[in-house]
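[1] just need the structure, nothing else, for what follows:
(one chain, ligands or ions: 1)
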Amino acid sequence: MFIQIPRGTYDVLPEDSSIWQRIEETARKVCALFNYKEIRTPLFESTHLFQRGVGDTTDIVQKEMYNFKDRGGRDLTLRPEGTASVVRAYVEHKLFGLPDQPVKLYYIGPMFRYERPQSGRTRQFTQFGVEALGSKDPSIDAEVIALAMTFYRTIGLKKLKLVLNSLGDPESRAAHRRALIDHFKPSINEFCEDCRNRLEKNPLRILDCKKDHDHPLMATAPSIIDFLTEDSRDYFEKVKAILDEMGIAYELDPTLVRGLDYYNHTTFEIMGSSKGAISTLTGGGRYNGLVSELGGPETPGVGFALSIERLLLALEAEGISLNNEASLDCFITAIGEKARQKTPVLLHKLREAGLSADKDYMDRKVKAQFRQADRDHAKFVVVIGDEELAGDAANVKNMADGSQEEIAFSALADYLKSKIK
Ligand code: HAM
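    Got it, this is the predicted structure:
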């Protein structure tokens, strides 16, 4: 019976996994530069966490979550994003009590959303995200943005556009909310059912509607920027001033409201070139109310997440190849049965000495064994035949220059290590 992979998922085959490893390594290195430490949280959480954290009226919670009951009848959800989980862990482990705040965390791992699959939109996708919890200093907003930009630059992307907005503090949000309701209410019947429901509950979400995107009232909707309190405006000015001084260019977009409810103050997205319709590579922003919403003390937070899937599309669109095929230190080629018997132990010794090594397991002829060594990009091929067995030494061929030497079996590991170093 042939069973296919679930819709919206994919396999990363060995020929591509080195690219993924390179991206993940780069993310880890950049996080180390900025002093962010890794956090690993479960792939599933209580459903309630996302309802509360991400927001009941968001598309993610209403339409896209993989919810299930476990055998104990608990309501669980495959995590659709990382921020709520990180904040839960921050509260649960009382990380707010650590002497060094903000607590600067990063994560790399799969997220799950039941979306309509297309290029750059899958049902399981891998996010690299960072969260800085515990500081409301505008320089930390600039820092997380700088981290994302440094990551993309290190990977090699050039065509990036940073888009910035501020959603202000709760007071700004409340004034904007009232203005949005007044704006949409008279014509709300022209909008989809979701938007009609959103009008009183969360009118900001109307601006994020995919169905009513082109309705003329969208373009004329009141802009949050006009409702920012003085403090919020001042905060946003400071973030922008730091970015200016860092030399990080951005565009302002007052319609950037983001699809998750926890944001306030700074929101941002980074767009890249893409052959498909989706070009948003990264989304993030500040979420000062989330820690207290999830049962912790009043604590500010800011972060972003990007997906490796969209990064790969942007790399493709810019014609950047990250292929770094791994090479093997040594491939052992055996000629004849006796030599074959010697290879498992010899191979094991080389590996124990820290050399990457392999051999033929398919009883192939010498030529075919050499071809495999080539495909594995072996730096050295160790040939063992009757002659070598008699002399207690292997014939070692340096694949880079073709030179050959006889090396005693007992000295083989040291010899290869000295050459490869
Ligand atoms: P988000 O905008 O929902 O934000 O997702 C962030 C990024 O995840 C997107 O920009 C995109 O690169 C990627 N992404 C989202 N959905 C998919 C999908 N179906 N397929 C492929 N890639 C996808 C968040 O998740 C927030 N937690 C970000 C954040 C962290 N804000 C503050 N801290």
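
[2] show me what from the stretch 1-150 of the chain comes close to the ligand.
    Counting by C-beta under 6 Å from any ligand atom, the stretch 1-150 of the chain comes close to the ligand at 81-83, 113, 115, 120-122, 125, 127, 129, 131. C-betas here are computed from N, CA, C, even on glycine.

[3] out of those residues, who's nearest Gly168?
    Proximity of those to Gly168 (C-beta to C-beta) peaks at Thr83, which lies at 19.4 Å.

[4] in terms of contact, does the closest one touch Tyr262 like I think?
    Yes. With contact defined as C-beta atoms under 8 Å, Thr83 counts as touching Tyr262 (7.0 Å).

[5] could I get the full set of helices for the stretch 201-350 of the chain?
    Ranges of helices in the stretch 201-350 of the chain, per DSSP state H, counting those that start in this stretch, are 216-219, 230-246, 290-293, 308-317, 337-352.

[6] so which of the ones you listed comes closest to the ligand?
    Smallest distance to the ligand across the helices of the stretch 201-350 of the chain (C-beta to the nearest ligand atom): 4.3 Å, for helix 308-317.

[7] pull out the buried residues from that closest one.
    By neighbour count on 16 or more other C-beta atoms under 10 Å, the buried set for helix 308-317 is 308-315, 317.

[8] stretch 263-280 now?
    Residues of stretch 263-280 classed as buried under the neighbour-count rule (16+ other C-beta under 10 Å) are 263-274, 278-279.

[9] quote the end-to-end distance of that stretch.
    Stretch 263-280 has its terminal residues 17 Å apart, counting by C-alpha to C-alpha, to the nearest Å.

[10] related to what we said a few turns ago, have a look at Thr83 and Tyr262 and say which one is more surrounded.
    Thr83 (27 against 23; other C-beta atoms under 10 Å).

[11] residue contacts, the more buried one?
    53, 129, 131, 260, 262, 287, 290, 301, 303, 305 (C-beta atoms under 8 Å, 6 or more residues apart in numbering).

[12] what distance separates stretch 299-319 from the middle of the whole chain?
    6 Å (C-alpha atoms, centre = their mean, to the nearest Å).

[13] returning to what we had before: pick out the lowest-pLDDT one from the buried residues of stretch 263-280.
    When these are compared by pLDDT, Ile278 scores lowest at 73.

[14] got the contact list for that residue?
    Counted by C-beta under 8 Å, 6+ apart, Ile278 has contacts 118-121, 310, 313.

[15] okay if I get those as TSV plus pLDDT and distance to Glu337?
    Below are the contacts of Ile278 laid out as TSV (pLDDT from 0 to 100; distance: C-beta to C-beta, whole Å):
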residue	pLDDT	distance to Glu337
Gln118	94	55
Ser119	92	53
Gly120	93	54
Arg121	96	55
Arg310	96	53
Leu313	95	51
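
[16] anything in contact with each of Thr83 and Tyr262?
    53, 287, 290.

[17] neighbours around the last one, how many?
    Right, the one you point to is Leu290. If we define neighbours as other C-beta under 10 Å, then Leu290 has 29 of them.

[18] and the residue nearest to it when sequence neighbours are not counted, how far from Gln369?
    The shortest distance from Leu290 to any non-neighbouring residue, by C-beta to C-beta, 6 or more residues apart in numbering, is to Tyr262 (4.5 Å). Look at Tyr262 and Gln369: by C-beta to C-beta, to the nearest Å, they are 58 Å apart.

[19] got it, and Asp11?
    For Asp11 relative to Gln369 (C-beta to C-beta), the value is 29 Å.

[20] now Asp392
    On the measure of C-beta to C-beta, Asp392 and Gln369 end up 21 Å apart.

[21] which one of those two has more residues nearby?
    When Asp392 and Gln369 are compared for neighbours, Gln369 comes out ahead with 21 against 10, by other C-beta under 10 Å.

[22] SS state for the residue of the stretch 101-250 of the chain found nearest the ligand?
    Across the stretch 101-250 of the chain, the shortest distance to the ligand (C-beta to the nearest ligand atom) belongs to Phe125, at 3.5 Å. Secondary structure for Phe125, judged by DSSP: H, G, I helix; E, B strand; the rest coil, is strand.

[23] beta partners of it?
    For Phe125, the beta-bridge partners under DSSP bridges are Met111.

[24] do the same with Val163
    Glu251, Glu269.

[25] and the chain, what are its domain boundaries?
    Using automatic domain parsing, the domain ranges for the chain come out as 14-169+229-317, 330-420.

[26] which of those is buried the deepest?
    domain 14-169+229-317 (a mean of 18; mean count of other C-beta atoms under 10 Å).

[27] coming back round to it: taking the buried residues of stretch 263-280, tell me the two that lie furthest apart.
    Asn264 and Ser273 (30.4 Å).

[28] residue contacts, Asn67?
    By C-beta under 8 Å, 6+ apart, the neighbours of Asn67 are 47, 75-77.
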